[in-house]
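**Q** Have a look at this prediction, sequence included:
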Amino acid sequence: MTVDTLRADRLGAWGAVRDTSPVLDALAAEGMRFAAAQVQWPKTGPSFASMFTATYPKDNGIARHVGIPLPCAFRTLAEELSALGYQTEAVVANGAVGREFNFDQGFDGYLETWKIDEDPGLNRWQRARRDPNRAGRVTDLALEVAGRLDRDRPFFLWVHYLDPHAPYEPPRSHRDLFQGDAYFDPIPRVSIDSRRSRREIGAIGKADAVDGREELAFYLARYDAEIRYTDEEIGRLLTGLAELGLARDRLTVFTSDHGESLGEHNYFFGHGRLAFQTCLHVPLLFHWPGALAPGVDEDPVELIDLAPTLLEIAGQDLAAGRWAQGRSRVARLRGRGAGSEDARAFSEAGYAQHGKWIRALRERRMKLVYSPHPKDQQLIGGEGVAFALYDLEADPAESVNLAAERPEELARLKRELWTWDRAPRFDAETDTASCGEGRPVDRDTEELLRSLGYL
Ligand SMILES: [Zn+2]
């Protein structure tokens, strides 16, 4: 299960103060929770491309933009599981992972919520009031798919929820859940740019403003309400799967494709532009009662390790525990191997003007951000400042650049980052199966991407 745009620190198990995630918290308490999981690019398409192929954006070519198809040359997790005899099914609610972009590689069935007419009987007005991509619908479709699975063969079911993605419009039942509660601080304001319809840096556009509201807390409460609604729907999915007899011997993995900047660093209700932890740090948990003991792993881990980990569990022979650029984390899942030297995470981000995008290296405590483009520098360390060094323990908000103060630490992390960046490019084994590169983009997909602010 993946939930779009879900930053780790808004979930109870990862330290949120509000009761946003009772279902996921219970799952985390019974499973192995990764406290410091990190995405490779904080935008839907590139993040899932990395996750499912276990390759870095700099090497798989899917950087920044939505709409770059996942090249057929890369093997995906679903392709590998399918080859191992698994039934592979997906229900997805975000057009950025539509079939047009080849994210269906390896799946026997691939349901895209926005392309399925839920009720031909609805009139235009009724249709406009319903969100075909809402979590309730994703759960319904996932349970339908699960009900049709062959019980004699193993299955891989990917369910992707979209709700916490902007605009923050939870269903009526949840809309005001956290408004005005004990954690609602009415003081901080959001500027609304009355001349532009969309904006993320320094202010929000007039189209992004809800009812003209200017309190930051109003938007935070709505974002949290989206999470709570999704959490309840995940609960309904898990209950439904149990009723179908699909609870036993099931490994459940939960994560997100990226977080969300909720006003930190003057960046509002967006992701992808910068490489702060608000957008890079995501929840990751493995729940498998009887096979995995409950625990918490505090070390950094990259989402490109997810596919190799699942493949090893599924019985694939991995050379030295590696698959593509990722590595199996089965040892850490079993509570061993924590504290190892490679507890670090590389990420990329930005608008990638002229190929100059942001690179970041996060260790347990220190983090280095390299911004080659002057426009990014203005938003991070200041113009002309290409390197920002943060102490995540002392300064979790990443507000104090220690680069000048700690030259040795800076030099060491720079060397690590260059070694990674200049490592020989990963070459995908040529996958001969064609996945139809360059498929035309469906009109419904284009409409959905526009409403999400991608286009
Ligand atoms: Zn996303």
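**A** That came through fine.

**Q** List the contacts of the residue of the chain found nearest the ion.
**A** The nearest approach of the chain to the ion comes at T44, 3.1 Å away (C-beta to the ion). Heads up, the C-betas are built off the backbone N, CA and C, glycines and all. For T44, the contacting residues are 4, 66, 94, 96-97, 257-258, by C-beta atoms under 8 Å, 6 or more residues apart in numbering.

**Q** Next up, phi/psi of it, please.
**A** phi -50, psi -60 (degrees, to the nearest 10).

**Q** Skipping its backbone neighbours, what lies nearest it in space?
**A** Excluding the flanking residues, the one nearest T44 by C-beta to C-beta, 6 or more residues apart in numbering is A96, at 3.9 Å.

**Q** about what we covered before: in strands, which of the contacts of T44 appear?
**A** Among the contacts of T44, no residue falls in strands (DSSP state E).

**Q** Between the residues you listed, which sits nearest L77?
**A** V97 (13.1 Å; C-beta to C-beta).

**Q** Give me the neighbour count for that closest one.
**A** 29 (other C-beta atoms under 10 Å).

**Q** what's the neighbour count on D59?
**A** 18.

**Q** shouldn't it be in contact with F426?
**A** Yes. D59 lies in contact with F426 (C-beta atoms under 8 Å); the separation is 4.1 Å.

**Q** hey, what's in contact with both of these two?
**A** Q325.

**Q** Could you provide the contacts of T44 in a markdown table, with additional columns for pLDDT?
**A** As requested, the contacts of T44 are exported to a markdown table (pLDDT from 0 to 100):
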| residue | pLDDT |
| --- | --- |
| D4 | 98 |
| V66 | 62 |
| N94 | 96 |
| A96 | 94 |
| V97 | 95 |
| D257 | 98 |
| H258 | 98 |
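
**Q** Output those residues in JSON lines; the columns should cover distance to the ion.
**A** Converted to JSON lines, the contacts of T44 look like this (distance: C-beta to the ion, whole Å):
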{"residue": "D4", "distance to the ion": "4"}
{"residue": "V66", "distance to the ion": "9"}
{"residue": "N94", "distance to the ion": "6"}
{"residue": "A96", "distance to the ion": "6"}
{"residue": "V97", "distance to the ion": "8"}
{"residue": "D257", "distance to the ion": "4"}
{"residue": "H258", "distance to the ion": "5"}
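
**Q** who touches M1 in this structure?
**A** M1 touches 158-161, 234, 237, 252-255, counting by C-beta under 8 Å, 6+ apart.

**Q** Hmm, M366 and Y390 touching each other?
**A** Yes. Using C-beta under 8 Å, Y390 is in contact with M366, at 7.1 Å.

**Q** per-residue pLDDT, E437?
**A** You'll see E437 listed with a pLDDT of 54.

**Q** Show me where the protein dips below the pLDDT cut-off.
**A** Counting by pLDDT under 70, the chain shows low-confidence ranges at 65-66, 337-341, 352, 428-438.

**Q** need the residues of it near the ion, please.
**A** 4, 44, 257 (C-beta under 5 Å from the ion).

**Q** Not counting residues beside it along the chain, what's closest to the residue nearest the centre of the chain?
**A** Taking C-alpha atoms, centre = their mean, the centroid of the chain lies closest to D257, which sits 1.0 Å from it. Distances taken as C-beta to C-beta, 6+ apart put S47 closest to D257, at 4.0 Å, once the chain neighbours are dropped.

**Q** does the residue nearest to T44 really touch L449, like I thought?
**A** Yes. The criterion here is C-beta under 8 Å, and A96 meets it with L449 at 6.6 Å.

**Q** Looking at those two, which is more packed in?
**A** A96 (26 against 21).

**Q** longest single helix anywhere in the protein?
**A** Scanning the chain for the helix with the most residues, using DSSP state H, yields helix 216-243.

**Q** Show me what it is packed up against.
**A** strand 2-3, helix 22-30, helix 135-147, strand 155-161, strand 261-262 (3 or more C-beta pairs under 8 Å, 6 or more residues apart in numbering; DSSP states H and E).

**Q** which other residues reach whichever helix or strand comes after it?
**A** Using DSSP states H and E, the helix or strand that follows helix 216-243 towards the C-terminus is strand 252-255. With contact meaning C-beta under 8 Å, 6+ apart, strand 252-255 is reached by 1-3, 24, 27, 31, 37, 51, 234, 238, 282-288, 303, 306, 310.

**Q** Using the three-state scheme, assign L111.
**A** Here L111 is strand, with the state taken from DSSP: H, G, I helix; E, B strand; the rest coil.

**Q** can you pull out the strands in the stretch 301-450 of the chain?
**A** 322-323, 326-327, 345-349, 358-362, 366-370, 387-391 (DSSP state E, counting those that start in this stretch).

**Q** I'd like a version of those strands in TSV, one that adds mean neighbour count as further columns.
**A** Below are the strands of the stretch 301-450 of the chain laid out as TSV (neighbours: other C-beta atoms under 10 Å):
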stretch	mean neighbour count
strand 322-323	19
strand 326-327	24
strand 345-349	26
strand 358-362	24
strand 366-370	23
strand 387-391	21
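
**Q** wait, what's in contact with F155?
**A** 86-89, 149.

**Q** Top of those residues by number of neighbours, please.
**A** Going by other C-beta under 10 Å, T88 tops these with 25 neighbours.

**Q** in the sheet, who's paired with that residue?
**A** Taking DSSP bridges as the rule, T88 bridges to F156.

**Q** Go ahead and confirm it touches D104.
**A** No. T88 lies out of contact with D104 (C-beta under 8 Å); the separation is 9.7 Å.

**Q** Common neighbours of the two, please.
**A** With C-beta under 8 Å, 6+ apart as the test, T88 and D104 reach no residue in common.

**Q** who touches the nearest residue to G240 once chain neighbours are set aside in this structure?
**A** Spatial nearest neighbour of G240, chain neighbours left out: L143 (4.3 Å); criterion: C-beta to C-beta, 6+ apart. Going by C-beta under 8 Å, 6+ apart, L143 touches 237, 240-241, 244.

**Q** Weed out the non-buried ones from these.
**A** Buried subset of these (neighbour count, 16 or more other C-beta atoms under 10 Å): 237, 240-241.

**Q** now those in CSV, with distance to S328?
**A** Listed next are the buried ones among the contacts of L143 as CSV, based on distance: C-beta to C-beta, whole Å:
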residue, distance to S328
L237, 27
G240, 30
L241, 26
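
**Q** Name the nearest of these relative to P132.
**A** L237 (17.5 Å).

**Q** Quick check, the closest one in contact with Y161.
**A** No. Contact between L237 and Y161 fails when scored by C-beta under 8 Å: they sit 9.3 Å apart.

**Q** any idea how far A63 is from the residue nearest to P308 when sequence neighbours are not counted?
**A** Closest residue in space to P308, ignoring its immediate chain neighbours: W323 at 3.9 Å, by C-beta to C-beta, 6+ apart. Relative to A63, W323 is positioned 22 Å away (C-beta to C-beta, to the nearest Å).

**Q** Straight-line length of stretch 268-283, end to end?
**A** Chord length of stretch 268-283, first to last residue, is 21 Å (C-alpha to C-alpha, to the nearest Å).

**Q** Likewise for stretch 59-76?
**A** 15 Å.
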